[in-house]
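In: Mind looking at a prediction? Sequence and model below.
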Amino acid sequence: MNQLKGKKKSRQHGVRGLPRGPHGGVQLLLVQNVEHLGKAGDVVEVKRGYAVNYLIPQGLATIATDHHKRMVEKHKARLLEIERARISSLRQLAENISQMSISIEANANEEGHLYGSVGPNEISKALKAQNVNVSPDQVRLQGPLKELGLYTVRIHLGHDIEADLKVWVVPTVGDTQPGGKK
């Protein structure tokens, strides 16, 4: 019976080695920035499942021990330097994207309406063709582009850095252009 009581008691006090926070969650030290949670070096309190199933296995956080806290304090200046360099490169990329324009060919009828639509995947592929790596989830559209013309598309690069990209949706070569001939 004492063994069962011991097991119940350990469950009440948390899972092995995971320190409890003041609100009953698990205290972790973030190793990397986690959007909507905190920055590298922050001590955060999260639910046990989020810690055990996502943050720790993905290498985004570690247990908030005194040793880990001291290590992060030692390297905080280096982390800030890396973060500044990353933000600087993102700003430079945003400036480059803002000066670019891309053309995407699409099948359209005589009035300029597309038979399909142009979405984030096509815009991402067109940027990659110009050696700019942007994932489709970074492309922010109000809705799919369904007509020929010039559009301004917002690209979200992270850290509240965004760029406006000029996107020309043009008819595929050989299509009839609006108001013109083949």
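Out: Happy to help now that I have it.

In: residues in contact with stretch 119-127?
Out: The contact list for stretch 119-127 (CB atoms under 8 Å, 6 or more residues apart in numbering) reads 97, 102-104, 133-139, 141, 144-145, 153, 165, 167. C-betas here are computed from N, CA, C, even on glycine.

In: which of the residues in the helix or strand where Lys128 lies are buried?
Out: Assessed by DSSP states H and E, Lys128 sits inside helix 120-129. The neighbour-count check on helix 120-129 (16 or more other CB atoms under 10 Å) flags 120, 122-124, 126-127 as buried.

In: Give me the sheet partners of the following helix or strand past it and which way each runs.
Out: Using DSSP H and E, the helix or strand that follows helix 120-129 in sequence is strand 139-140. Each strand paired with strand 139-140, and its direction, by DSSP bridges: strand 149-158 (antiparallel).

In: tell me the angle of the strand it pairs with relative to helix 120-129?
Out: Per axes from the mean of the first three to the mean of the last three CA atoms, to 10 degrees, the angle that strand 149-158 makes with helix 120-129 is 80 degrees.

In: elements contacting the helix or strand just after strand 149-158?
Out: Next helix or strand after strand 149-158 toward the C-terminus (DSSP H and E): strand 161-171. Contacts defined by 3 or more CB pairs under 8 Å, 6 or more residues apart in numbering; DSSP states H and E place strand 161-171 against helix 66-98, strand 101-106, strand 113-118, helix 120-129, strand 145-147, strand 149-158.

In: Output those in TSV, with distance to Pro171 and mean pLDDT appended to each entry.
Out: Formatted as TSV, the helices and strands packed on strand 161-171 follow (distance: least, CB to CB, whole Å; pLDDT from 0 to 100):
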stretch	distance to Pro171	mean pLDDT
helix 66-98	25	87
strand 101-106	7	96
strand 113-118	9	94
helix 120-129	14	96
strand 145-147	11	95
strand 149-158	11	95
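
In: any chance of the ones you listed in JSON lines, with distance to His36 too?
Out: Output for the helices and strands packed on strand 161-171, formatted as JSON lines (distance: least, CB to CB, whole Å):
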{"stretch": "helix 66-98", "distance to His36": "17"}
{"stretch": "strand 101-106", "distance to His36": "31"}
{"stretch": "strand 113-118", "distance to His36": "30"}
{"stretch": "helix 120-129", "distance to His36": "21"}
{"stretch": "strand 145-147", "distance to His36": "29"}
{"stretch": "strand 149-158", "distance to His36": "13"}
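
In: Gln27: which of the ones you listed is closest?
Out: Closest of the helices and strands packed on strand 161-171 to Gln27 is helix 66-98, at 10.4 Å (criterion: CB to CB).
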